[in-house]
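[1] Provide a 3D model corresponding to the input given below.
(one chain, ligands or ions: 4)
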Amino acid sequence: LEMESELRRAIEQGQLRLHYQPIVSLETEQISEVEALVRWEHPTRGLIPPGKFIPIAEETGLIVPLGKWVLEEACRQGQEWREAHSENLSLLIGVNLSTRQFQQEGLIEEIKEILERSGLPPASLKLEITESLMSARPEDTIAKLEQLRAIGVHLAVDDFGTGYSSMSYLANFPVDTLKIDQSFVQRLGSNSESDAIVQAIMTLAKALNLRVTSEGIETDEQRALLRGMGCDRGQGYLFSRPLTSLALTELLTNQF
Ligand code: G
Ligand code: G
Ligand code: MN
Ligand code: NA
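    Ligands and ions are numbered 1, 2, ... in the order given. Okay, the predicted model is just below:
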């Protein structure tokens, strides 16, 4: 309960921060996207990772104002980067949407308004939803995803492989990217089942014309195996940890 009121105050008083983790081409290591990851800069306890407060935000409903702040800040920052590069920057900004946020009334209108206010083109935003949304109420989920796609944003399924989404439904989901969960990536090469699962996801993605991003790449061996399997994009400590907006600004300046 104390955590709840503290978190409420943190949102109101601007104690949340976004860090950005690069997503790169496995071939060239050029940055094509970033994923926004929220942190809480607590006045006495320091930087708190999302795993410690997102679940509380979900339980209490604070995820709605928190999620709105994240979207606004990510779109604002994304547009700032575009303007700094004379709008030539084709960088995508990835934002995580929790289940509760996805199901909230008025989400579509809110996203439209935030995009308009920020000036960020919808095609520069990628929303990451979790696989569990696909099994709960697939018809409702598909309808909402269609509305989001109509705005022009990109859609990704996060932590893919950990849930129980039906393969037959996946074909009906208007998403464009699967993000392979890091648990599979980290066992690559040492666990033949993980190799088989990743290979199966790659085959499925190809058949359904979906792009794939592998998460949690930490070693050159993992990168090489993934490239061999046809994966073209990756995220992980091998390339970069999540960075402050300032650090990412410098990285973009050097790259573009
Ligand atoms: O950065 P870290 O590995 O600690 O993130 C842990 C989890 O928190 C991840 O599953 C990530 O998807 C989630 N997360 C990070 N930022 C956000 C956010 O802005 N909104 C939501 N809903 N989840 C987030
Ligand atoms: O659930 P989601 O995919 O949104 O979570 C992404 C989380 O994974 C982030 O919190 C990020 O800090 C973490 N992460 C990113 N790259 C790596 C990595 O290479 N290794 C590990 N262990 N975690 C990573
Ligand atoms: Mn994510
Ligand atoms: Na993930």
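[2] And the helices in this structure?
    Secondary structure of the chain (DSSP state H): helices located at 2-12, 54-60, 63-84, 99-103, 107-118, 132-136, 138-151, 167-170, 182-187, 192-207, 220-228, 245-255.
[3] Show me which residues of stretch 146-163 are buried.
    148-149, 153-161, 163 (16 or more other Cβ atoms under 10 Å). All C-beta spots, glycine's among them, are computed from the backbone N, C-alpha and C.
[4] from these, which single one is nearest ligand 3?
    For these, the residue nearest ligand 3 by Cβ to the ion is Asp158; the value is 4.2 Å.
[5] Show me what the closest one is bridged to.
    Thr130 (DSSP bridges).
[6] what's the lowest-pLDDT member of the buried residues of stretch 146-163?
    Here the lowest pLDDT out of the buried residues of stretch 146-163 sits on Gly163, with 79.
[7] unless I'm mixing things up, that residue is touching Ala136, no?
    No. Applying Cβ atoms under 8 Å as the test, Gly163 and Ala136 come out as separate, 9.9 Å apart.
[8] got any ranges where this structure has weak pLDDT?
    Residues of the chain that meet the criterion pLDDT under 70 lie in 164-166.
[9] what does it have sitting close to ligand 3?
    For the chain, the residues in contact with ligand 3 (Cβ under 5 Å from the ion) are 96, 128, 158.
[10] what's the distance between the closest residue to Met229 other than its chain neighbours and Gln222?
    Computed as Cβ to Cβ, 6 or more residues apart in numbering, the closest residue to Met229 that is not its neighbour in sequence is Met202, at 4.9 Å. Met202 is 14 Å from Gln222, where distance means Cβ to Cβ, to the nearest Å.
[11] Is it correct that Thr213 is in contact with Pro22?
    No. With contact defined as Cβ under 8 Å, Thr213 does not reach Pro22; the gap is 11.3 Å.
[12] shared neighbours, those two?
    Listed as contacting both Thr213 and Pro22 by Cβ atoms under 8 Å, 6 or more residues apart in numbering are 33, 235.
[13] re earlier: can I get the buried residues of stretch 146-163 in JSON lines with distance to Asn254?
    Shown next, in JSON lines, are these (distance: Cβ to Cβ, whole Å):
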{"residue": "Leu148", "distance to Asn254": "33"}
{"residue": "Arg149", "distance to Asn254": "34"}
{"residue": "Val153", "distance to Asn254": "28"}
{"residue": "His154", "distance to Asn254": "25"}
{"residue": "Leu155", "distance to Asn254": "30"}
{"residue": "Ala156", "distance to Asn254": "26"}
{"residue": "Val157", "distance to Asn254": "32"}
{"residue": "Asp158", "distance to Asn254": "28"}
{"residue": "Asp159", "distance to Asn254": "31"}
{"residue": "Phe160", "distance to Asn254": "31"}
{"residue": "Gly161", "distance to Asn254": "34"}
{"residue": "Gly163", "distance to Asn254": "38"}
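[14] Please produce a markdown table containing these, extended by distance to ligand 2.
    Compiled in a markdown table, those are given as follows (distance: Cβ to the nearest ligand atom, whole Å):
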| residue | distance to ligand 2 |
| --- | --- |
| Leu148 | 18 |
| Arg149 | 21 |
| Val153 | 17 |
| His154 | 15 |
| Leu155 | 14 |
| Ala156 | 10 |
| Val157 | 11 |
| Asp158 | 5 |
| Asp159 | 5 |
| Phe160 | 10 |
| Gly161 | 12 |
| Gly163 | 12 |
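[15] and ligand 4, which of those residues reach it?
    Among the buried residues of stretch 146-163, ligand 4 is touched by 158-159 when using Cβ under 5 Å from the ion.
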